[in-house]
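Participant: whatever this is, show me its structure:
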Amino acid sequence: MNYFQRQVQLWGEETQLSLQDKKIAVVGAGGLGSSLAFALGSSGIGEIHMIDFDEVSTHNIHRQIAFKIGDEGKNKAAINAALIENRCPFVKAIAHECRFDEWCKKNIYVDLIIDATDNLPTRGEIDSYCRDKKSPWIYGSVEAYHGQVCFFKDSSFRDAFKITSKTPAGITAPIVMHVASLQANLALRYLAGLSVKKDFLYYLFFNSEGEYITQKFSLPKA
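Facilitator: The predicted model follows:
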């Protein structure tokens, strides 16, 4: 409890202990996934599954905070899982060096799935999987100075978005960490039994004058 003292001040020892029974999966261990590993890896969640088939490349490192020069060629999920357990021995982190559809075949139960991918087709797969399992999931995306976050429960990602293979534009590192932070806060609130606004898409961006703007949109039920 001393390790989690600041969180215990927020919601008490009983809630903190309840997090030990929770299991989550983070799909993607790159930009968003790295930041989520830092944000949630030392929160006391009992089991965190990091899923990513990809290896670190030099151009990843500036926005993927778990990696450093010298990590090139190593699997991203494996690095993040090791980082989580090194920072917090009270959390079990499991690396899955595979694609999301391969992980699905393992039939692993989790309380929540968090999207940390960089493409719409995989998010469509997450949406279909979670609707089949009746499991909630948290969507997050970044591009340039923009970000989007949504806690999906009764709405459908496939209904709200056109699924394409569009390649995202350049990305600033801070917006990646910002969106991951919002996802992590939603996740922790949900897992701790606190209220969470579900099926609302939050769109955040800096306009051409550098003003920070947040908008939200209610999504219809699927």
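Participant: starting at the chain centroid, how far to the lowest-mean-pLDDT helix or strand in the chain?
Facilitator: Counting by mean pLDDT, DSSP states H and E, the weakest-scoring helix or strand in the chain turns out to be helix 157-160, with a mean of 91. Distance of helix 157-160 from the chain centroid (Cα atoms, centre = their mean, to the nearest Å) equals 18 Å.
Participant: residues in contact with the longest helix along the chain?
Facilitator: Longest helix in the chain by number of residues (criterion: DSSP state H): helix 173-191. Helix 173-191 is contacted by residues 19, 22, 24, 31-32, 34-36, 39-40, 43, 45, 62-65, 111-112, 114-116, 136, 138, 140-142, 144-149, 151, 195-196, 202, 204 when judged by Cβ atoms under 8 Å, 6 or more residues apart in numbering. Yep, even glycine has a C-beta here, placed from its N, CA and C like the rest.
Participant: mark which of these are part of strands, please.
Facilitator: 24, 112, 114-115, 138, 140-142, 146-149, 151, 202, 204 (DSSP state E).
Participant: buried residues in stretch 172-188, which are they?
Facilitator: Neighbour-count burial for stretch 172-188, with 16 or more other Cβ atoms under 10 Å as criterion, is recorded at 172, 175-184, 186-188.
Participant: quick check: residue 78 touching residue 94?
Facilitator: No: between residue 78 and residue 94 there is no contact under Cβ atoms under 8 Å: 10.1 Å.
Participant: partner residues bridging residue 144?
Facilitator: For residue 144, the beta-bridge partners are residue 171 (DSSP bridges).
Participant: can you check the one 5 residues further on too?
Facilitator: Here residue 149 sits in beta bridges with residue 140, residue 202, as judged by DSSP bridges.
Participant: what's the answer for residue 217, then?
Facilitator: residue 201.
Participant: show me where this structure dips below the pLDDT cut-off.
Facilitator: Scanning the chain with the threshold set as pLDDT under 70 gives 167-168.
Participant: can you give me the helices in it?
Facilitator: Assigned by DSSP H, the helices in the chain fall at 5-19, 31-41, 76-87, 100-104, 120-133, 157-160, 173-191.
Participant: nearest residue to the middle of the chain?
Facilitator: When Cα atoms, centre = their mean is applied to the chain, the residue found nearest the centroid is residue 114 (3.9 Å).
Participant: does it touch residue 136 like I think?
Facilitator: No: if you go by Cβ under 8 Å, residue 114 and residue 136 don't touch, sitting 10.0 Å apart.
Participant: circling back to that earlier point, what do residue 78 and residue 94 both touch?
Facilitator: Jointly contacting residue 78 and residue 94 under the rule Cβ under 8 Å, 6+ apart are residue 50.
Participant: can you count the residues close to residue 25?
Facilitator: 26 (other Cβ atoms under 10 Å).
Participant: which strand residues bridge it?
Facilitator: Here residue 25 shows beta-bridge partners residue 49, residue 113, assigned using DSSP bridges.
Participant: who's in contact with it?
Facilitator: Shown in contact with residue 25 (Cβ under 8 Å, 6+ apart): 48-49, 51, 103, 108, 110, 112-114.
Participant: and residue 192, by the same measure?
Facilitator: 11, 15, 18-19 are the contacts of residue 192 under Cβ under 8 Å, 6+ apart.
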